[in-house]
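Enquirer: Dropping the sequence and predicted coords here.
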Amino acid sequence: MAVKGLGQLDLEYDGSDLRVGIIHARWNKKIIDALLEGAVKRLKEFGVKESNIIIESVPGSFELPYGSKLFVDKQKALGKPLDAIIPIGVLIKGSTMHFEYICDATTRQLMKLNFELGIPVIFGVLTCLTEEQAFARAGLIPGKMHNHGEDWGAAAVEMAIKFK
Ligand SMILES: Nc1c(NC[C@H](O)[C@H](O)[C@H](O)CO)[nH]c(=O)[nH]c1=O
Ligand SMILES: CC(=O)[C@@H](O)COP(=O)(O)O
């Protein structure tokens, strides 16, 4: 049996007062759609209201860090601050160094954003060497792996509530 995954939660988290942003890249759309569905499903299981799940998109994963910052700032300016944000992207290795540079830049900048924005920025980016790896991690290959979007929804709720 696989040991990978979030494991059992330490507490019961009630997300009914949370506003959670999801910003997703549109590259590798079929896989993105499945991850998005998994994240939304899990947020709702924690009680996050559909009207408090705000979804935005950007062209590719490289746009996720700056898009996340603009998204968070805009929601704050509208008087509807987000409690957590889940950037979702799917990077798949091609034949150049493009993949390595985007993986590195995006990951570093998303990590930094946690400290700059003051809300949890979840790491919803798959960095896969093959399409098959990405399909499996989106739960699109029956019996293989679970949909990692579900983990990201759970992580957002836990991190938004735990230290309050
Ligand atoms: N190759 C992948 C990309 N590439 C596109 C970039 O992220 C970016 O949108 C473009 O260079 C314009 O700035 N994006 C992914 O999300 N996944 C990939 O596999
Ligand atoms: C967007 C690009 O520059 C693209 O040609 C990268 O190619 P690859 O994904 O095969 O590395």
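Expert: All right, it came through fine. Everything quoted here is computed from the prediction, not taken from an experiment. Numbering: from 1, shown residues only. Ligands and ions are numbered 1, 2, ... in the order given.
Enquirer: show me where the chain has helices.
Expert: Assigned by DSSP state H, the chain shows helices spanning 29-45, 64-77, 98-117, 131-137, 148-161.
Enquirer: So which elements touch the shortest one?
Expert: For helix 131-137, the elements it packs on are strand 84-92, strand 124-128, judged by 3 or more CB pairs under 8 Å, 6 or more residues apart in numbering; DSSP states H and E. C-beta: built from backbone N, CA, C; applies to glycine.
Enquirer: what about it, near ligand 1?
Expert: No - figure legend: helix 131-137 not in contact with ligand 1 (CB under 6 Å from any ligand atom); closest approach 8.7 Å.
Enquirer: related to what we said a few turns ago, any idea which of the helices and strands packed on helix 131-137 gets closest to residue 61?
Expert: Among the helices and strands packed on helix 131-137, the nearest to residue 61 by CB to CB is strand 84-92 (3.2 Å).
Enquirer: what about that closest one, distance to the chain center?
Expert: 4 Å (CA atoms, centre = their mean, to the nearest Å).
Enquirer: and what of stretch 29-38?
Expert: Relative to the mean C-alpha coordinate of its chain, stretch 29-38 is positioned 11 Å out (CA atoms, centre = their mean).
Enquirer: Could you list the residues in contact with it?
Expert: 22, 24-26, 55, 88-90, 124, 126, 134-135, 138-140, 147-150, 152-153 (CB atoms under 8 Å, 6 or more residues apart in numbering).
Enquirer: quick one on the thing from earlier: I'd like the helices and strands packed on helix 131-137 as a markdown table, with mean neighbour count and distance to ligand 1 appended.
Expert: Formatted as a markdown table, these follow (neighbours: other CB atoms under 10 Å; distance: least, CB to the nearest ligand atom, whole Å):
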| stretch | mean neighbour count | distance to ligand 1 |
| --- | --- | --- |
| strand 84-92 | 26 | 4 |
| strand 124-128 | 23 | 8 |
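Enquirer: So for ligand 2, which of these sits nearest?
Expert: Closest to ligand 2 of the helices and strands packed on helix 131-137, according to CB to the nearest ligand atom: strand 84-92, at 7.7 Å.
Enquirer: Is that closest one positioned near ligand 2?
Expert: No - shown here: strand 84-92 not in contact with ligand 2 (CB under 6 Å from any ligand atom), separated by at least 7.7 Å.
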